[in-house]
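> this one's sequence-less:
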């Protein structure tokens, strides 16, 4: 199973609180809801296709609870391709504190999460998708478990909030697989991970 991450980010890399003003106020974040005014029909169709492609989903606890409280409570999930996928396909949560998930078809991964994710990747076919879940995405990258990265970059500088990548951390080389732009200014980049970057060993004089 291929593990792919799908992340909505601003131009300055912020991924916190994109959906609404009260979605995630950690750290005094006050600029939530920055993505929705820019989210048009093209982006909605693209994400619907992405979710429908998934064979299973992997979440960190915070994103799982946000999704369960919104997508998981829709009266008729069949009206949305995203809700239909989320409510009918296996969901895994990497958490050491969640013990009683209420969303159907959910399995909690605790203990040796790296081994559990690696086992999922070898035992199942298809695509294991990670949406949001910034801390989990960074951890998966650190443990070399990510096969592909999809970034939806919004034409806005948020100026505060948690960013997808920290100021310091492990490096990674990426190969661009696909790139496109939507009318409203959102750009899509799909990358395949390819080990570590190469660095110049000398400079011209």
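That came in fine, so what should we check first? Keep in mind the model is a prediction, meaning the values are calculated, not measured.

> which elements pack onto the helix or strand containing residue 175?
Using DSSP states H and E, residue 175 sits in strand 174-181. If you count contacts as 3 or more Cβ pairs under 8 Å, 6 or more residues apart in numbering; DSSP states H and E, strand 174-181 packs onto strand 187-193. Backbone N, C-alpha and C define where each C-beta goes, glycine included.

> mean confidence for the strand it packs on?
Average pLDDT, strand 187-193: 96.

> go on, stretch 94-110?
Stretch 94-110 shows a mean pLDDT of 91.

> list the buried residues for that stretch?
Within stretch 94-110, the residues that count as buried by 16 or more other Cβ atoms under 10 Å are 94, 95, 98, 101, 103, 106, 108, 109.

> now the fourth one. Its backbone dihedrals?
When quoted as degrees, to the nearest 10, the phi and psi of residue 101 stand at phi -70, psi 140.

> quick one: contacts for it?
Residues near residue 101 by Cβ atoms under 8 Å, 6 or more residues apart in numbering: 64, 68, 93, 108.

> by neighbours, which of those wins?
Among the contacts of residue 101, the one with the most neighbours (other Cβ atoms under 10 Å) is residue 64, at 27 neighbours.

> ok, so what distance separates it from residue 158?
23 Å (Cβ to Cβ, to the nearest Å).

> what two of the contacts of residue 101 have the greatest distance between them?
68 and 108 (12.6 Å; Cβ to Cβ).

> so what's the residue count around residue 201?
5.

> is it in a helix, a strand, or coil?
Here residue 201 is recorded as coil under DSSP: H, G, I helix; E, B strand; the rest coil.

> any idea how far residue 105 is from it?
According to Cβ to Cβ, residue 201 and residue 105 sit 51 Å apart.

> dump the residue contacts of the spatially most central residue of the chain.
Nearest to the mean C-alpha position of the chain, counting by Cα atoms, centre = their mean, stands residue 131 at 2.8 Å. Residues in contact with residue 131 (Cβ under 8 Å, 6+ apart) are 5, 6, 7, 57, 59, 63, 67.

> repeat that with 10 Å
The neighbours of residue 131, taking Cβ atoms under 10 Å, 6 or more residues apart in numbering as the test, are 4-8, 47, 50-51, 54, 57-60, 63-64, 67, 82, 86, 137, 150.
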